[in-house]
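J.: here is the input, now give the coordinates:
(4 chains)
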There are 2 protein chains.
Amino acid sequence: MTVDQVFAALADPTRRQVLEELGRHPPCSATTLAAGLPVSRQAVVKHLQVLRDCDLVTSHRAGKEVLFDVSPTPLTATASWMTTLAATWTERLTLLKVAAERGSG
Amino acid sequence: MTVDQVFAALADPTRRQVLEELGRHPPCSATTLAAGLPVSRQAVVKHLQVLRDCDLVTSHRAGKEVLFDVSPTPLTATASWMTTLAATWTERLTLLKVAAERGSG
DNA sequence: ATTATGTGCAACGCTTGGATTGCACATAAT
DNA sequence: ATTATGTGCAATCCAAGCGTTGCACATAAT
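T.: Coordinates of the predicted model:
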């Protein structure tokens, strides 16, 4: 699971929709999810595969159907990555501002 | 600036590269950035436009060139959005787990 | 055994968007 | 004034990815 993958996964609106829908009624099969979404089952299946590749969902067989669950870990990891990046930028910008004021004053 | 836009903007690897590069030496022009990246200036310009549409960068003219700066605000906003979502999921999953244990026990 | 429901795979069409190139215009330097 | 550097716009090419459809296989129900 990489930050790259998580962003790519979360970039698609339909995929976020799948994720939200699954987050409301877990666990859930692809067929069930597709019933409440404006796309075909196969589309949902593909989305779930992408989400599973970056560990945003997990799956396990239950009889003849495959049930999916959300897993929040990659989300928190990516969020902290973003927070760190933002903090770094803020620090640098502050330093630049200080340097500029010292230069002109 | 919407969460949708931020995700779409951050989804592209080259765009994140532009963002990181700009984060290292702000402020910076599109031409300068393109010199240190594996794509053309026009590509960088397009990326910067996308990043500016969701307020991840700001721009201002300085003589004949246009200088860009990073702006961390949308990043922190999106990060907190993700954290909230993850927390909600965790809570629901915990409730489900409790319910399942109570049901089987 | 037969029917119904659910999953898995493959091929296809279509749109989106990243990247390039070429040229015109604007501004600074000589 | 001329040259050099930087920006802006438009057309074009190309690959990636979303979504669909059709069919085959697996599992549960009757």
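J.: show me what the helix or strand that contains residue A:99 is packed against.
T.: If you go by DSSP states H and E, residue A:99 is part of helix A:73-104. Identification of packing neighbours for helix A:73-104 by 3 or more CB pairs under 8 Å, 6 or more residues apart in numbering or on different chains; DSSP states H and E yields helix A:3-11, helix B:13-24, strand B:65-70, helix B:73-104. Bear in mind the C-beta positions are built from the backbone N, C-alpha and C, glycine included.
J.: from those, which stretch is densest packed?
T.: Greatest average neighbour count among these goes to helix A:3-11 (a mean of 20), per mean count of other CB atoms under 10 Å in any protein chain shown.
J.: contacts for that helix?
T.: Under the criterion CB atoms under 8 Å, 6 or more residues apart in numbering or on different chains, residues A:15-16, A:19, A:50-51, A:53-54, A:56, A:74-75, A:77-78, A:81, B:7-8, B:10-11, B:13, B:16 lie in contact with helix A:3-11.
J.: show me what contacts residue A:28?
T.: Neighbours of residue A:28 in contact, by CB under 8 Å, 6+ apart: A:21-22, A:67-68.
J.: closest one of the residues you listed to residue B:86?
T.: Closest to residue B:86 out of the contacts of residue A:28 is residue A:22 (13.6 Å), distances taken as CB to CB.
J.: just checking, the closest one touches residue A:70?
T.: Yes - counting by CB atoms under 8 Å, residue A:22 touches residue A:70, with 5.6 Å between them.
J.: from what I see, residue A:31 and residue A:40 are in contact.
T.: No - assessed by CB under 8 Å, residue A:31 is found out of contact with residue A:40, at 10.5 Å.
J.: I'd like to know how far the single nearest residue of chain A relative to chain B sits from DNA strand C.
T.: Per CB to the nearest CB, residue A:11 is where chain A lies closest to chain B, at 3.3 Å. Separation of residue A:11 from DNA strand C (CB to the nearest atom of the strand, to the nearest Å) stands at 9 Å.
J.: ok, now how distant is that residue from residue B:97?
T.: Here the criterion is CB to CB, to the nearest Å. By it, residue A:11 lies 30 Å from residue B:97.
J.: wait, which of the helices and strands packed on helix A:73-104 is closest to residue A:62?
T.: Of the helices and strands packed on helix A:73-104, nearest to residue A:62 by CB to CB is helix B:73-104, at 12.9 Å.
J.: looking at the closest one now, give me its mean pLDDT.
T.: The average pLDDT within helix B:73-104 is 88.
J.: distance from that helix to the middle of the chain?
T.: Distance of helix B:73-104 from its chain centroid, counting by CA atoms, centre = their mean, to the nearest Å, is 22 Å.
J.: cool, and stretch A:24-34?
T.: For stretch A:24-34, the distance to the chain centre is 17 Å (CA atoms, centre = their mean).
J.: and it, which residues are buried?
T.: A:26-30, A:32-34 (16 or more other CB atoms under 10 Å in any protein chain shown).
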